[in-house]
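Enquirer: Structure, please.
(one chain, ligands or ions: 1)
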Amino acid sequence: MAAWCQAWHGRDRPSDSAVRSAHVSAAERPRTSMTPPPGAAIPARHPDAPAPGETLGAHYEQCFGCGAGQPYGLQLEARAGEGVTVSAEFTVKEAHQGAPGLAHGGVLTTALDETLGSLNWLMHVIAVTGRLETDFVRPVPVGTTLHLDARATGREGRKIYCSGTGRIGGPDGEVAVRADAVFIEVKVEHFINNGREEEIKAAMADPDQVRRARAFEVNP
Ligand SMILES: CCCCCCCC(=O)SCCNC(=O)CCNC(=O)[C@H](O)C(C)(C)COP(=O)(O)OP(=O)(O)OC[C@H]1O[C@@H](n2cnc3c(N)ncnc32)[C@H](O)[C@@H]1OP(=O)(O)O
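Expert: Alright, predicted model coming up:
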């Protein structure tokens, strides 16, 4: 049985009070800077990472960012670049509007979050978004394809620093959005202990070992 499967069977769900006290101490802490500190490690591509140009595919069918099982989702398509970089495309649909005819800012942030999160796959690290800061530079009309690029800029302890941009009018077009993020490395127990039982069981019941592992962002 794979380690992440054993973790599910022997899981120990945090009590509500444990979750509450963790939130209080985290809220009291100064916010993490978006810039890698001096001495941060240069992010390294894992030897088994997908080759540059290779599409990454959806990591989970029901993911709002990349899954085909979400009709109103972004269905973003990402591919590996050189080093720890990723590029992606997302076309803004009617369901993604905020103001009439324009993409909702939260949807654009989701596109950046998904693209930046894909970098972790190239390093073979399981991580979740800790902090994500978006600049909205230009409005993005419905029907526009957003061309996204992301790169990991540093690692320190469990923190992974990364930055990304979304351009309109082509891969070299104007920057419409940009973001910096800090992802935090976690164990697979993060999903098992905090996720809803229904979806975890369904994902684990998938007969495809690679899909099962990728749903939890664990490299098989
Ligand atoms: C292909 C895949 C694409 C996926 C794209 C989508 C990704 C997502 O949207 S993930 C979902 C959104 N994110 C979440 O739900 C995360 C919710 N937050 C949590 O679960 C926890 O706060 C978690 C796991 C991030 C950190 O908790 P915990 O493990 O207790 O961390 P903790 O030990 O306190 O801190 C570890 C380090 O991280 C830093 N850190 C912790 N939380 C944060 C945060 N929110 N922001 C920045 N830094 C943080 C701490 O400062 C500490 O740094 P240092 O080592 O320098 O002291």
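
Enquirer: Next secondary structure element downstream of the biggest helix by length in the chain?
Expert: Ranked by number of residues, the top helix in the chain under DSSP state H is helix 105-123. Under the assignment DSSP states H and E, the closest C-terminal helix or strand after helix 105-123 is strand 127-136.

Enquirer: what residues are up against the spatially most central residue of the chain?
Expert: Nearest to the mean C-alpha position of the chain, by C-alpha atoms, centre = their mean, lies G117 at 2.6 Å. G117 sits next to 65, 127, 129, 183 when contact means C-beta atoms under 8 Å, 6 or more residues apart in numbering. Backbone N, C-alpha and C define where each C-beta goes, glycine included.

Enquirer: ok, and the most crowded of those residues?
Expert: F183 (26 neighbours; other C-beta atoms under 10 Å).

Enquirer: which residues does that residue bridge with?
Expert: T129, I160 (DSSP bridges).

Enquirer: Please tell me how far it sits from H190.
Expert: Distance, F183 to H190, by C-beta to C-beta, to the nearest Å: 12 Å.

Enquirer: With H46 instead?
Expert: Taken as C-beta to C-beta, the span from H46 to H190 is 20 Å.

Enquirer: Which of those two has more residues huddled nearby?
Expert: Higher neighbour count among H46 and H190: H190, with 17 against 13, using other C-beta under 10 Å.

Enquirer: Poorly predicted segments of this structure, please.
Expert: 1-24, 219-220 (pLDDT under 70).

Enquirer: Please list the residues of it that sit near the ligand.
Expert: 22, 26, 29, 32, 59, 65, 113-114, 117-118, 121, 128-131, 157-159, 182, 184, 186, 190, 217 (C-beta under 6 Å from any ligand atom).

Enquirer: List only buried entries from those residues.
Expert: Buried subset of these (neighbour count, 16 or more other C-beta atoms under 10 Å): 59, 65, 113-114, 117-118, 121, 130, 159, 182, 186, 190, 217.

Enquirer: Reformat these as TSV; add distance to V86.
Expert: Below are those laid out as TSV (distance: C-beta to C-beta, whole Å):
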residue	distance to V86
H59	12
G65	12
D113	12
E114	10
G117	9
S118	5
W121	8
G130	19
K159	19
V182	17
V186	20
H190	22
E217	14
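
Enquirer: any idea where the strands of this protein begin and end?
Expert: In the chain, the strands defined using DSSP state E lie at 77-80, 85-91, 127-136, 145-156, 159-168, 174-185.

Enquirer: Pull up the overlap in contacts between F183 and H190.
Expert: V128.

Enquirer: Neighbours of A205, how many?
Expert: 8.
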